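Peer 1: what's the 3D shape of this:
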Amino acid sequence: MARTLSTLAADLAAGRTTSATLVQEALARIDAPDGEGKLTFVKVQRDAALAAAEAMDKLRGAGLAPSPYAGIPISAKDLFDLAGQPTPAGSVVLADAAPAERDAPAIARLRRGGFVVVGRTNMTEFAFSGLGLNPHHGTPASPYDRAARRIPGGSSSGAAVSVADGMAFAGIGSDTGGSCRIPAALCGIVGYKPTAASVPREGVFPLSQTLDSIGPLANSVDCCRILHEIMSGTELSREVPGSLQGLRIAVPHTIALDGLDDHVAASFARALETLSKAGAIVSEQPFAGFTEVARINAKGGFAAAEAYAHHRALIAAKGEGYDPRVRVRVLRGSNQDAADYVELVQARAAFVAAMRTEVSAFDALAMPTVPTIAPTIAELTEDDEAYTRVNLAMLRNSTLINMMDGCAISLPMHRAGEAPAGLMLARAGGEDAALFAIAAAAEVALSKAR
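Peer 2: Residues are numbered from 1 along each chain as shown. Alright, predicted model coming up:
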């Protein structure tokens, strides 16, 4: 069974392990000759991690550990500023960028709690895809059916694989349209997308300043809650139901259930049955407002417009160094003029307001995180049409929540030994505490049913 932050904290407090041991274990997995470490990490901070682990062990020995989690190794996506290092964001065009002067606030808060950053994880270049492919650094494979080398999901690809393979006990990622939840679903772990404004985004290379959010990928709901509380600087209220009894869970049948493959459909049906048996009142609902998302994003949406504003000078200078597929998506933003962008902002505001009203009639939404199991890396690398089609499919459900400014979590819903599949639970923005409570109860029910 995967170790959680709470069990690790208990082991550290009881002297059953040390930070040095945990970091050495993580580094050994990164270095394993038959492992994914070289593709998962773009930079390993070996000496710094070992030194930090030694320091945390001394502080704990003196009764001065900064938190119960001091000394636990985690990974950071390559778009976070880490003091003294450039922030390449999965690209090669920023290899000569000036080093960051300080850690991104989200990372700084984790370090103040004593977490040890073992390295920077691979990602889709500039976070602009839900697949996780990176032609510059290679692509780590999902832990399932590794001989076939299936995609890990993106853009926080390395973050997910680092956790799934035990190279870190949590990965810190970003989520603009699903980039924490998609790789979590395809790698069989938990991924959290918070209310966007709840975690500071300073010091994080942007994709869309409107939609970007900072979230964790880890081995349990509780792990994600712990990390979110630290990164947000807010202790979430726990005065919410601790079970599923009587909770109203709505399953949107508009868009979210289209095109499910047999495995995801069966896993989702089984998960809903499990939640119902645990006392939840599960019902399919239309949520016709979700059809508005495609119309709102018809010209590329916020990601294309805001990425283009950020990248246009860099593309003019170094465009040949970009992943061509990413460059094409960024350049879509040039098709929007100022009036288009103003209309986009207004349309999204109306959508957020309408969906908040509709969603608030229920305790949570439930849908598959992604509609299919992970395809192979090879088939998407070689086929532009397949790449585009699968990317849109992977992003489809998770993007609905980003557009409504909600919070969401992906939980494993597959049986042991099966292809990973994720159950996404979501609420309106600002309701992270209630969502964590519901997700924790769902996690218990799903684990008992496996």
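Peer 1: before we move on, which element is Tyr192 in?
Peer 2: Using DSSP states H and E, the element containing Tyr192 is strand 190-193.
Peer 1: who does that strand touch, helix- and strand-wise?
Peer 2: helix 181-187, strand 214-218, helix 221-232, helix 384-403, strand 407-412 (3 or more C-beta pairs under 8 Å, 6 or more residues apart in numbering; DSSP states H and E). In short, each C-beta sits where N, CA and C put it, glycine included.
Peer 1: Thr139 is nearest to which of those?
Peer 2: Closest approach to Thr139 among these (C-beta to C-beta): helix 181-187, 11.4 Å.
Peer 1: okay, buried residues for that closest one please.
Peer 2: For helix 181-187, the buried set under the neighbour-count rule, 16 or more other C-beta atoms under 10 Å, comprises 181-187.
Peer 1: ok, now stretch 57-77?
Peer 2: 57, 59-60, 65, 67-77.
Peer 1: so Ala108 belongs to a helix, correct?
Peer 2: Yes. Per DSSP: H, G, I helix; E, B strand; the rest coil, Ala108 lies within a helix segment.
Peer 1: quick check: it touching Glu101?
Peer 2: No. Look at Ala108 against Glu101 with C-beta atoms under 8 Å: they stay out of range, at 11.8 Å.
Peer 1: for these two, indicate the residue with more neighbours.
Peer 2: When neighbours are counted by other C-beta atoms under 10 Å, Ala108 and Glu101 differ, and Ala108 comes out ahead with 17 against 9.
Peer 1: contacting residues for the more buried one?
Peer 2: By C-beta atoms under 8 Å, 6 or more residues apart in numbering, the contact list for Ala108 reads Arg102.
Peer 1: go again with 10 Å.
Peer 2: For Ala108, the contacting residues are 81-83, 102, 200, 203, 231, by C-beta atoms under 10 Å, 6 or more residues apart in numbering.
Peer 1: again with Asp81
Peer 2: Here Asp81 is in contact with 87, 99-108, 202-205 (criterion: C-beta under 10 Å, 6+ apart).
Peer 1: just to revisit the earlier point, please enumerate the shared neighbours of Ala108 and Glu101.
Peer 2: 81, 83, 203.
Peer 1: quickly note the distance from the first one to Arg201.
Peer 2: In other words, Asp81. 11 Å (C-beta to C-beta, to the nearest Å).
Peer 1: residues contacting the most centrally placed residue in the chain?
Peer 2: Closest to where the C-alpha atoms of the chain average out (C-alpha atoms, centre = their mean) is Cys180, at 1.0 Å. When contacts are counted by C-beta under 10 Å, 6+ apart, Cys180 is found next to 77, 153, 155-156, 159-160, 171-174, 190-194, 213-217, 224, 398, 408-410.
Peer 1: sec struct for Ala97, please.
Peer 2: coil.
Peer 1: does it touch Leu79 like I think?
Peer 2: No. If you go by C-beta atoms under 10 Å, Ala97 and Leu79 don't touch, sitting 11.9 Å apart.
Peer 1: which of those two has more neighbours?
Peer 2: Higher neighbour count among Ala97 and Leu79: Leu79, with 28 against 14, using other C-beta under 10 Å.
Peer 1: how much space between that one and Asp103?
Peer 2: With C-beta to C-beta as the criterion, Leu79 and Asp103 are 13 Å apart.
Peer 1: anything in contact with each of the two?
Peer 2: Common neighbours of Leu79 and Asp103 (C-beta under 10 Å, 6+ apart) are Gly203.
Peer 1: who touches stretch 310-324?
Peer 2: 90-96, 124-126, 128-129, 133-136, 205-209, 307-308, 326-331, 333-334, 384.
Peer 1: now the end-to-end length of that stretch.
Peer 2: 17 Å (C-alpha to C-alpha, to the nearest Å).
Peer 1: show me what the mean pLDDT comes to for it.
Peer 2: The pLDDT scores in stretch 310-324 average 98.
Peer 1: kindly report the same for stretch 207-224.
Peer 2: Stretch 207-224 comes out at a mean pLDDT of 98.
Peer 1: before we move on, what about stretch 66-77?
Peer 2: Taken as a whole, stretch 66-77 has a mean pLDDT of 98.
Peer 1: repeat that for stretch 236-246.
Peer 2: If you average the pLDDT over stretch 236-246, you get 79.
Peer 1: neighbours of Gly15, how many?
Peer 2: By other C-beta under 10 Å, the residues close to Gly15 number 9.
Peer 1: show the pLDDT at it.
Peer 2: pLDDT, Gly15: 98.
Peer 1: returning to that earlier point: measure the residue nearest to the centre of the chain to Arg295 for me?
Peer 2: For Cys180 relative to Arg295 (C-beta to C-beta), the value is 26 Å.
Peer 1: phi, psi of Gly119?
Peer 2: Backbone torsions of Gly119, given as degrees, to the nearest 10, read phi 170, psi 180.
Peer 1: these two touch, right, it and Ala26?
Peer 2: Yes. Counting by C-beta under 10 Å, Gly119 does reach Ala26; the two are 9.1 Å apart.
Peer 1: who touches both of the two?
Peer 2: By C-beta under 10 Å, 6+ apart, the residues touching both Gly119 and Ala26 are 37, 44, 49, 73-75, 162, 167-168.
Peer 1: for stretch 337-352, what does the pLDDT average out to?
Peer 2: Averaged across stretch 337-352, pLDDT comes to 98.
Peer 1: neighbouring contacts of that stretch?
Peer 2: Contacts for stretch 337-352 (C-beta under 10 Å, 6+ apart): 210-211, 289-290, 292-293, 295-302, 305-306, 309, 333, 336, 400, 403-406, 428-429.
Peer 1: now, which of the residues you listed lie within helices?
Peer 2: Among those, the members falling in helices (DSSP state H) are 292-293, 295-296, 301-302, 305-306, 309, 400, 403.
Peer 1: distance check, the residue nearest to Val117 when sequence neighbours are not counted against Arg415.
Peer 2: Leaving out its chain neighbours, the residue that sits closest to Val117 by C-beta to C-beta, 6 or more residues apart in numbering is Ala76, at 5.3 Å. Distance of Ala76 to Arg415, computed by C-beta to C-beta: 32 Å.
Peer 1: how close does the residue of the chain most remote from its centre get to Gly114?
Peer 2: Centroid-distance maximum for the chain: Ala62 at 35.7 Å, with C-alpha atoms, centre = their mean. Relative to Gly114, Ala62 is positioned 13 Å away (C-beta to C-beta).
Peer 1: over to Ile377?
Peer 2: From Ile377 across to Gly114, the span is 36 Å (C-beta to C-beta).
Peer 1: Gln346 too?
Peer 2: Gln346 is 45 Å from Gly114, by C-beta to C-beta.
Peer 1: and if you look at Leu50?
Peer 2: Leu50 is 15 Å from Gly114, by C-beta to C-beta.
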